[in-house]
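Novice: A predicted structure for the sequence below; I have some questions about it.
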Amino acid sequence: MTSTKDTNDTKTAAPLVRLSKVSKHYGSIIALTDIDLEVSGGEVTCVLGDNGAGKSTLIKIVSGLHQPTTGTYEVDGTEVRFDSPRQALERGIATVYQDLAVVPLMPVWRNFFLGNEVRKGPRLDIAFMKKTCRDELLAMGIDLRDVDQPIGTLSGGERQCVAISRAVYFGAKVLILDEPTAALGVKQSGVVLKYIVQARERGLGVIFITHNPHHAYPVGDRFLLLNRGRSIGYYAKTQITRDELTGLMAGGAELEALSHELESAGGAVAEAAHALGEEVTGLGIGNPGQRPGTPAGRDGGRTANP
Amino acid sequence: MAQTAQAPVTPPLPTLDERVGRRSPLARLLARPEAGAIAGAIVIYIFFFIVAPPFRYAASFSSVLYVTSTYGLMATPVALLMIGGEFDLSAGVAVTSSALAASLFSYEFTTNAWVGVLVALAVSLFIGFLNGWIVVKTGIPSFLVTLGTFFMLQGINIALTQTITNQVASPDISTLQGFGSARKVFSASFTIAGVNIRTSVIYWIVFCVIATWILLRTRAGNWIFSAGGHAQSARAVGVPVARVKIGLFMAVGLMAWFTGMHTLFLFDTIQSGQGVGNEFVYIIAAVVGGCLLTGGYGSAVGAAIGALIFGMVNQGIVYAGWNPDWFQFFVGLLLLGAILLNTYIRRRAEARL
């Protein structure tokens, strides 16, 4: 695999999506600063970050809802400026939102074709749409005997998968998945992760937004870590282990500080602090400076914490 | 399809399939929006059949159907609007506004009655457009917007009629040219097997069939359900929600025009204060017929049956020789009962565990 630490070095084929030095300001609020991101066909790029890290702002830029304040956005090597999600969709960039995907009371097949209905004259071609919906879901491994049931009766994971297969069917080249596993249980998350891998096998580029490193690591090829609107690391899979990723996500230094604070309180709290300290050491994030491929910006971001 | 790679995730899926397969045809029927209304209509029919002897004759049932049709014509678009997630409290007086516009215009300018009919059509569509446009542009709940237009229209109806004619009713337009042909189109009747049936009954059924076809078989129907069910999702997949909603308000306007023309050409004249309170009848018919107040669920057939229930109670009380003052009490009781029944049936039929 061509694994690169930074986006600066060029690959032979231009990536499907590439953001370079992208920043976003909302008035006086600086939501994102100098973010690089790229995804090619058959690749999964994971964007990790805690709440408020700037993940949603980043998706909104890629999906065409917002425009970057500075920096460039390229699709297939040519610079673009999307005014609406519709334009992004026309270039094959589809976003699957966590809760915006479906109309719960409508049948599965109607949801699948909503906004892209197939018609015979003025009538809906219901037989075709039902069959296609069933087949497409089957190709994704969901065997629904009754595509007429309201989609709200499916489990959360299945609903995500319907939304994903819908985007794939309608010609998406890049899938942006907005926290698809956030509201799901362990098993359901597994189902969704499986479809992410399947989408990658089909040659799609996937941008997978999550705050769970355990979901990101098994499926991801690249990992962009965000904290407070800045990149705190951009790694290829070969450059980082699962534990290091978890440690970065957990905010290793912050955990250490918390552990010291608790220790000084004494008593039972100190015991908890000790346990926490061991946990932190176990994650292999003892000294931030020794991590491989660590951009300078990361520590700056962290020490800025009050 | 059970490949080894999928083994860990397949277990929950077959259980779902089994549950789908186990649903009996009865459960499927009960899961339909209009199920509660059908059950209710049968019960009420049997009830009045027993307690009100005149109710058993075809002639009186024809008048039940007529009363039903005057409400059903409006309940149909109101149900579509509700499925689309909006209300129209101005629907009752809008009927009167349309009839007044037609009669006052053609009378004052001594035009052919059909000119008044076309003017009224434009007025009604404009009222519908205005309601929809304000709701869509401002995001203010349609309950409030149309409450405003309801009072405005009522004021205009009474004040304008008073100013122009110095009376509370519009002048008799039966002498105008074109009145006869307009009456034939909007307010005719025919006789089958000795029973007189007004064409409005036929129109009502035809419009109900058209509405059902639109809802279930066309893209517009898909869009209506999605606009009411989850507008944000609908917008995200490219459904023009604003256009759909404005269109629905205009459909209410269109049917208000049709109903208004029917009333006008049946009675030659229109009381300017008429129509107040009917908006609730339309909404009740839609709700009794299984439309959800929150939108995204319901049927036009249900609204038709809801209107039929309303018509049966309305006439049944008279045929039973009861004090008609009890009518409103029964309507309220019906509404409450229908809501409870609908909720119960829907929960039961959709429960999956």
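Specialist: Cool, the structure landed.
Novice: Check which helices and strands the helix or strand encompassing A:Leu48 sits against.
Specialist: Taking DSSP states H and E as the criterion, A:Leu48 maps to strand A:43-49. On a contact count with 3 or more CB pairs under 8 Å, 6 or more residues apart in numbering or on different chains; DSSP states H and E, strand A:43-49 meets strand A:29-39, helix A:55-62, helix A:186-201, strand A:205-210, helix A:213-219, strand A:222-227, helix A:242-250. (Each C-beta comes from the backbone N, C-alpha and C, glycine too.)
Novice: Adding mean pLDDT, distance to B:Tyr57 and mean neighbour count, write those out as CSV.
Specialist: Below are the helices and strands packed on strand A:43-49 laid out as CSV (pLDDT from 0 to 100; distance: least, CB to CB, whole Å; neighbours: other CB atoms under 10 Å in any protein chain shown):
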stretch, mean pLDDT, distance to B:Tyr57, mean neighbour count
strand A:29-39, 88, 74, 20
helix A:55-62, 87, 67, 22
helix A:186-201, 84, 61, 19
strand A:205-210, 91, 69, 26
helix A:213-219, 87, 71, 20
strand A:222-227, 89, 77, 25
helix A:242-250, 79, 79, 21
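Novice: Okay, now the unreliable bits of the chain?
Specialist: Because you didn't say which chain, this covers chain A. For chain A, the stretches flagged by pLDDT under 70 are A:1-12, A:99-101, A:251-260, A:262-263, A:265-270, A:273-274, A:276-277, A:279-306.
Novice: think we crossed wires, I meant chain B
Specialist: Across chain B, residues meeting the criterion (pLDDT under 70) sit at B:1-31, B:342, B:345-353.
Novice: Okay, the most centrally placed residue in it and chain A: tell me how far apart.
Specialist: The residue lying closest to the centre of chain B (CA atoms, centre = their mean) is B:Ala75, at 0.9 Å. Counting by CB to the nearest CB, to the nearest Å, the separation of B:Ala75 from chain A is 21 Å.
Novice: which element is that residue on?
Specialist: helix B:58-83.
Novice: try B:Gly92
Specialist: Using DSSP H and E, the element containing B:Gly92 is helix B:91-108.
Novice: what does the stretch 1-150 of chain A put close to chain B?
Specialist: A:85-86, A:89, A:97, A:100-106, A:110, A:113-117, A:119, A:122-124, A:126, A:138, A:141-146, A:149-150 (CB under 8 Å from any CB of the partner chain).
Novice: So which of the residues you listed belong to strands?
Specialist: When DSSP state E is applied, the residues of the stretch 1-150 of chain A next to chain B are split such that A:Arg119, A:Arg123, A:Leu124 fall in strands.
Novice: ranking these by neighbours, who comes first?
Specialist: A:Leu124 (22 neighbours; other CB atoms under 10 Å in any protein chain shown).
Novice: Pull the contacting residues for that residue.
Specialist: A:Glu117, A:Val118, B:Arg217, B:Thr218, B:Arg219, B:Gly221, B:Asn222 (CB atoms under 8 Å, 6 or more residues apart in numbering or on different chains).
Novice: dump the residue contacts of the fifth one.
Specialist: The reference is to B:Arg219. Applying CB under 8 Å, 6+ apart, the residues near B:Arg219 are A:Glu117, A:Arg119, A:Leu124.
Novice: let's go with 10 Å and repeat that
Specialist: By CB atoms under 10 Å, 6 or more residues apart in numbering or on different chains, B:Arg219 lies in contact with A:Phe113, A:Leu114, A:Gly115, A:Asn116, A:Glu117, A:Val118, A:Arg119, A:Pro122, A:Arg123, A:Leu124, B:Val239.
Novice: next one: the third one
Specialist: Contacts were defined as CB under 10 Å, 6+ apart; by that measure B:Arg217 touches A:Arg119, A:Pro122, A:Arg123, A:Leu124, A:Ile126.
Novice: let's see it at 7 Å
Specialist: A:Arg123, A:Leu124 (CB atoms under 7 Å, 6 or more residues apart in numbering or on different chains).
Novice: How about the residues of the stretch 101-250 of chain B by chain A?
Specialist: B:217-219, B:222, B:225-226, B:229-230, B:232-234, B:236-239 (CB under 7 Å from any CB of the partner chain).
Novice: that older thread, just read off the phi/psi values of the closest residue to the residue nearest to the centre of chain B other than its chain neighbours.
Specialist: Setting aside the residues directly before and after it, B:Ala75 is nearest to B:Ala285 in space (CB to CB, 6 or more residues apart in numbering or on different chains), at 3.8 Å. With angles defined as degrees, to the nearest 10, B:Ala285 sits at phi -60, psi -40.
Novice: cool, and A:Ile176?
Specialist: Torsion angles, degrees, to the nearest 10, at A:Ile176: phi -110, psi 120.
Novice: Surely it touches A:Ser63?
Specialist: Yes. Contact status for A:Ile176 versus A:Ser63: in contact at 5.6 Å, counting by CB atoms under 7 Å.
Novice: joint contacts of those two?
Specialist: When CB under 7 Å, 6+ apart defines a contact, the residues bordering A:Ile176 and A:Ser63 alike are A:Ile93, A:Thr95.
Novice: Can you give me every residue that contacts B:Thr218?
Specialist: Taking CB under 7 Å, 6+ apart, one finds A:Pro122, A:Arg123, A:Leu124 in contact with B:Thr218.
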